[in-house]
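**Student:** Predicted model and sequence follow; I will ask about them next.
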Amino acid sequence: MVAFLSCRRYCWRGKLLGVGDWLFAWGGSLVDEHDLSRFCCLNPDCDDHAKRGHGNLTVTARYGPRRTRMLRCRTCQGRFSERTGTPLFGTRLSPDTIAGILAHAAEGVGARKTARLLGVHRDTVTRILRQAGDHAQQLHDELVAFSPDDHRSAVR
């Protein structure tokens, strides 16, 4: 089950999650499979765009070996995957493998060694790290844009 949220927000019960938290949540222990309140419509032209828990989303199908859900907005009739807007959209790796790649990177292990330890190609490791890094940058920019101004200077 995916703990990443659409609209590039990581949240569980109103609390923003850190990297370690979402890796834990990815395993399914923090996330209810039938709970769609974590998702929002991704269509910018929709009246319910970016509104979580609005009751406008339904599961229309499941696809892939991990039965990823396809969601539909009742307001605009738009369809999207539950992984859309996350760094894992379009990947075929298991959540455990992706968590392993990110954990190795956090510990400073190189791409070749990570690939050898996890049994994946080194280009796969690089691609996953690039996607996660780009997503983290977007999340950071979005969260900094909403942070309150600090009128203190850098030097006290």
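**Tutor:** Everything's here; your move.
**Student:** Any idea how far apart the tips of stretch 93-112 sit?
**Tutor:** Terminal residues of stretch 93-112 are spaced 17 Å apart (C-alpha to C-alpha, to the nearest Å).
**Student:** Give the rounded mean pLDDT of that stretch.
**Tutor:** Taken as a whole, stretch 93-112 has a mean pLDDT of 92.
**Student:** buried stuff in that stretch?
**Tutor:** 93, 95, 97, 98, 99, 100, 101, 102, 104, 105, 109, 111 (16 or more other C-beta atoms under 10 Å). To be clear about C-beta, it is placed using only N, CA and C from the backbone, and glycine gets the same treatment.
**Student:** wait, isn't the fourth one in contact with residue 88?
**Tutor:** Yes - Residue 98 is in contact with residue 88 according to C-beta atoms under 8 Å; the separation is 6.3 Å.
**Student:** okay but residue 115 is in contact with residue 127, surely?
**Tutor:** No - checked against C-beta under 8 Å, the pair residue 115 and residue 127 is beyond contact range at 11.1 Å.
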